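Chemist: Provided below for reference: sequence and predicted model.
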Amino acid sequence: MEEYIFFFGRSPELSFAELSAFVPTLKKNDVGASINAVPVFIDGREIAIPDLLAILGGTTRIGRAVNKLPAITPQEIAHALSKPASSSVTFGLSSFSSDFKVTNQFLSEVKRILAGTSHHVRFILPRHGETLSTAGLGGEVQELCVIGKTGNFTLSQTIAAQPIDQWVSRDIRRPYIDAKRGMLPPKVARMMVNIGFGNDSRGKTLLDPFCGMGTIAMESFLRGVRTIASDLSVEVVEKAKKNIATLKDTKEVPPVSFHTSDATHVSSFLLDQKIDVVVTEPFMGTAKLGEGKIFKSSEIRNIMKGLEKLYIGCLREWKSILTDRGVVVIALPEIDWNARSYGVKKVIDRCEMYGYTKVLGPLPYSRPQAVVRRMIYVLKTGHATRIQETRKKVRK
């Protein structure tokens, strides 16, 4: 049975949670996760393993395991590379193992071996570190990846690589961006959306009540589902609309509907409509936090208390508009300052009081050297009540 290896980006816990939403039989490994060949169904249709990269945000490449080896030699690499009908071979090697280094000398020896089979051979070297950028893969380039340790290496052949240009385009080439608002990267937004929907989004509706520039709405839209976005600022909602408009020619899906509203009063425009999934990055506090312009722990504690009050008000409101099996995927702030961490602990500790059960989290995401880290949680409705009833029975 074939084994497929999923290589994760810099947020492996979040990436694992996303992939698990589609493939529950995952096995963790040194680079991410692996599965044996099993059917994968998304939205009711079977999908080929390589095609998963068009949906996933946290997986950088997918490989097929081709060999288990005690040592990596040029002969083994040459043997593992496929020999195309044409006379040209272009290959590269990425190492995800601390026990093996990619060198020009090693690849030159692989080239020498392959050249003896009457092929024109060239290789590409990693520009940084030991791994090739996925931006340079595709076409005629064959990539082999080394994982594991001496005596127990796995060699995999890359069968799909993340389409970097598409992610970059949605991140920095949209009409409106606002770094001061701490915009969620599209890849993280996609992971949160995928975790919220799971492997079947058919007939479901997503709400982002803190839509900002529309990043989450964009990724939900690209999943092909009905999306509702709202924000307190009229100006921000208009910018989000224009960002979404750049995607309109790429997908025949239900349009995104926009509203101007306080996140604690979304029921006022939803009326009796029920929501299946809330995915959001709420207001994370004053921009001075991220800029390092607050210098007193008392100030940070007061800010976090205010955010706790806001988030608890949101959870109470959202419970009234979510279905009985509703899901909330939310990014909450954690501040690292002066060797201490400040969070909104009460929001999660008391979520059962408001009708939720925590099922995942914290799943961390942060940019390097960030002061404000995102801790992503998944809450579900319809479970807490039964837990509370069970506890009452136990007390009796």
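Modeler: Done, it's in. Numbering: from 1, shown residues only.
Chemist: For the closest residue to D51 other than its chain neighbours, give me the pLDDT.
Modeler: Computed as C-beta to C-beta, 6 or more residues apart in numbering, the closest residue to D51 that is not its neighbour in sequence is A160, at 7.6 Å. Bear in mind the C-beta positions are built from the backbone N, C-alpha and C, glycine included. Looking at A160, its pLDDT reads 94.
Chemist: Tell me how far A160 lies from L363.
Modeler: 24 Å (C-beta to C-beta, to the nearest Å).
Chemist: try P175
Modeler: Plainly put, P175 is 30 Å away from L363 if you go by C-beta to C-beta.
Chemist: Next, count neighbours for the nearest residue to G136 once chain neighbours are set aside.
Modeler: Of all residues not flanking G136 in the chain, I124 sits nearest, at 6.5 Å (C-beta to C-beta, 6+ apart). Residues within reach of I124, counting by other C-beta atoms under 10 Å, total 16.
Chemist: doesn't V89 make contact with I124?
Modeler: No - counting by C-beta atoms under 8 Å, I124 stays clear of V89, with 11.7 Å between them.
Chemist: Following the chain onward from the lengthiest helix in the chain, which element is next?
Modeler: When the chain is parsed with DSSP state H, its longest helix is helix 297-321. Next helix or strand after helix 297-321 toward the C-terminus (DSSP states H and E): strand 322-337.
Chemist: how about that following strand: buried residues?
Modeler: L322, G326, V327, V328, V329, I330, A331, L332, P333, E334, I335, W337 (16 or more other C-beta atoms under 10 Å).
Chemist: and the first one, what does it touch?
Modeler: For L322, the residues meeting the contact criterion (C-beta atoms under 8 Å, 6 or more residues apart in numbering) are K274, I275, D276, V278, V328, T381.
Chemist: at 7 Å instead, please
Modeler: L322 sits next to K274, I275, V278, T381 when contact means C-beta atoms under 7 Å, 6 or more residues apart in numbering.
Chemist: Who has more neighbours out of P175 and L363?
Modeler: Taking neighbours as other C-beta under 10 Å, P175 and L363 compare with L363 leading, 24 against 10.
Chemist: That one and L14 touch, don't they?
Modeler: Yes - between L363 and L14 there is a contact under C-beta atoms under 7 Å: 4.4 Å.
Chemist: which neighbours do the two share?
Modeler: Joint contacts of L363 and L14 (C-beta under 7 Å, 6+ apart) are I376.
Chemist: in a strand, that's where F123 is, yeah?
Modeler: Yes - counting by DSSP: H, G, I helix; E, B strand; the rest coil, F123 is located in a strand.
Chemist: To what extent is it buried, counted in neighbours?
Modeler: Residues lying near F123 (other C-beta under 10 Å) number 20.
Chemist: mind listing the strands for the stretch 101-250 of the chain?
Modeler: Here the stretch 101-250 of the chain has its strands, by DSSP state E, counting those that start in this stretch, at 120-124, 141-149, 152-161, 205-208, 226-231.
Chemist: For those strands, state which one has the densest average packing.
Modeler: Most buried of the strands of the stretch 101-250 of the chain by mean neighbour count (mean count of other C-beta atoms under 10 Å) is strand 205-208; its value is a mean of 27.
Chemist: Name every strand pairing with it and say which way it goes.
Modeler: Using DSSP bridges, strand 205-208 pairs in its sheet with strand 226-231 (parallel), strand 275-280 (parallel).
Chemist: Quick one, which of those gets closest to T59.
Modeler: Closest approach to T59 among the strands paired with strand 205-208 (C-beta to C-beta): strand 275-280, 18.9 Å.
Chemist: Quick check: the closest residue to D336 other than its chain neighbours vs N36, distance?
Modeler: For D336, ignoring the flanking residues on the chain, the nearest one in space by C-beta to C-beta, 6+ apart is V371 at 6.1 Å. Counting by C-beta to C-beta, the gap from V371 to N36 is 42 Å.
Chemist: Those two: which is more packed in?
Modeler: In this view V371 and N36 are compared by other C-beta under 10 Å, and V371 has more residues nearby, 18 against 11.
Chemist: quick one: that one and E13, what's the gap?
Modeler: For V371 relative to E13 (C-beta to C-beta), the value is 20 Å.
Chemist: A161 now?
Modeler: 22 Å.
Chemist: what does stretch 32-40 contact?
Modeler: Taking C-beta under 7 Å, 6+ apart as the rule, stretch 32-40 contacts 1-8, 12, 15-16, 19, 22-23, 25-27, 46-47, 49, 52, 59.
Chemist: Select only the buried ones of these in PyMOL?
Modeler: Filtering these down to the buried ones (16+ other C-beta under 10 Å) takes a single PyMOL command:
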select buried, resi 3+4+5+6+7+8+12+15+16+19+22+23+47+49+52+59
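Chemist: Give me the subset of the contacts of stretch 32-40 that lies in helices.
Modeler: Per DSSP H, the contacts of stretch 32-40 map to helices at P12, S15, F16, L19.
Chemist: what sits against the third one?
Modeler: Residues in contact with F16 (C-beta under 7 Å, 6+ apart) are F8, L26, K28, A33.
Chemist: repeat that with 8 Å
Modeler: Neighbour list for F16: F8, L26, K28, G32, A33, G58 [criterion: C-beta under 8 Å, 6+ apart].
Chemist: Low-confidence stretches in the stretch 51-200 of the chain?
Modeler: For the stretch 51-200 of the chain, the stretches with pLDDT under 70 are 84-86, 117-118, 179-182.
Chemist: swap the cut-off to 90 and go again
Modeler: The stretch 51-200 of the chain contains residues with pLDDT under 90 at 82-89, 114-120, 127-129, 133-141, 163-184.
Chemist: How are the helices of it distributed by residue range?
Modeler: Ranges of helices within the stretch 51-200 of the chain are 74-80, 104-115, 164-172, 186-197, based on DSSP state H, counting those that start in this stretch.
Chemist: Look up how far R374 lies from the residue nearest the centre of the chain.
Modeler: For the chain, the residue sitting closest to the mean C-alpha position, by C-alpha atoms, centre = their mean, is M191 at 3.0 Å. Here M191 is placed at a distance of 11 Å from R374 (C-beta to C-beta).
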